[in-house]
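Visitor: using only what follows, build the 3D model:
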Amino acid sequence: MRTIILGVLVGLCSVVVPDATFASMITATSSGGTKAMYESEVRAYFTDLPVMIDIAQCESKFRQFTDAGSVFYGGAGQEYIGIFQFAAAIHTVPARDLGFDLATVEGNLAYARHVYEQSGTVPWQSCVPAPVAADATLELRITLMKTLIGLLQQLLTLKLAEGS
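Guide: Numbering: from 1, shown residues only. Okay, the predicted model is just below:
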C-alpha cells in the first residue's frame with residue numbers, strides 16, 4: 001500500500017513539478033531521507049567530535065542508504081554497513097546487544113559514538129585526518145622564521161638609520 005501511495009505522489013509531483021525535483025525528494029525521503037539530511041544529522045550528532053564528521057565523510061560520504069532505498073553496504077565484498085562502515089560480521093551482534101541497529105541512521109551514529117568512547121578513532125584509522133602537529137620540524141621552522149624576521153627588522157632599522 002505504501003508503495004502505491006508513493007508511486008501516486010511521485011506521479012503527481014512529476015506533473016506539478018516537471019523537473020521532478022520534488023518527486024525525487026519524496027522518493028529519497030521514502031527510504032529514510034536524503035544524503036544531505038544524513039550529513040546534517042551526522043554534523044549535529046557529532047558537533048562535539050568533529051573528527052567523527054570527517055570519518056563519516058571518508059567512510060561513506062554520509063550514506064546510510066543507497067539511491068534505491070536499501071541499506072548502504074560498502075567496502076570489499078560489500079560487508080561494511082552504513083554511515084560509519086562497520087564490518088557487519090563483527091559489529092552487528094554487539095551493536096544489537098547494546099540496543100543499536102546499524103541499519104538505521106540513529107543506530108549507526110549511536111554505535112559510532114560508543115565505539116569512539118571505547119577505542120577513539122583507532123577503528124577508522126585510515127580515515128583520520130593527519131594532525132598538523134605531526135610534523136616534527138614544525139616548531140623548529142617557526143622558531144627559525146621568527147629569528148629571521150627579527151634579523152631582517154634589525155637590518156631594516158640599520159639601513160634606515162644610515163639613510164638619515
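
Visitor: in stretch 80-89, which residues are buried?
Guide: Y80, I81, G82, I83, F84, Q85, F86, A88 (16 or more other CB atoms under 10 Å). Placement of C-beta: from N, CA and C, glycine included.

Visitor: likewise for stretch 47-63?
Guide: Buried, per 16+ other CB under 10 Å, within stretch 47-63: V51, M52, I53, D54, I55, A56, E59, S60, F62, R63.

Visitor: now go through those residues and say which are in strands.
Guide: Of the buried residues of stretch 47-63, none are assigned to strands by DSSP state E.

Visitor: about what we covered before: for K146, state which of the buried residues of stretch 80-89 is nearest.
Guide: F84 (42.0 Å; CB to CB).

Visitor: how much space between the closest residue to the closest one other than its chain neighbours and L158?
Guide: In space, F84 comes closest to A112 once its chain neighbours are excluded; the distance is 4.3 Å by CB to CB, 6 or more residues apart in numbering. The gap separating A112 from L158 is 60 Å, by CB to CB, to the nearest Å.

Visitor: mean confidence for the top helix by length along the chain?
Guide: In the chain, with assignment by DSSP state H, the single longest helix is helix 138-163. Regarding helix 138-163, the rounded mean pLDDT is 88.

Visitor: who does it touch, helix- and strand-wise?
Guide: Under the contact definition 3 or more CB pairs under 8 Å, 6 or more residues apart in numbering; DSSP states H and E, helix 138-163 sits against no other helix or strand.

Visitor: for this protein, what spans make up the helices?
Guide: 2-16, 21-30, 35-45, 50-60, 88-97, 105-119, 138-163.
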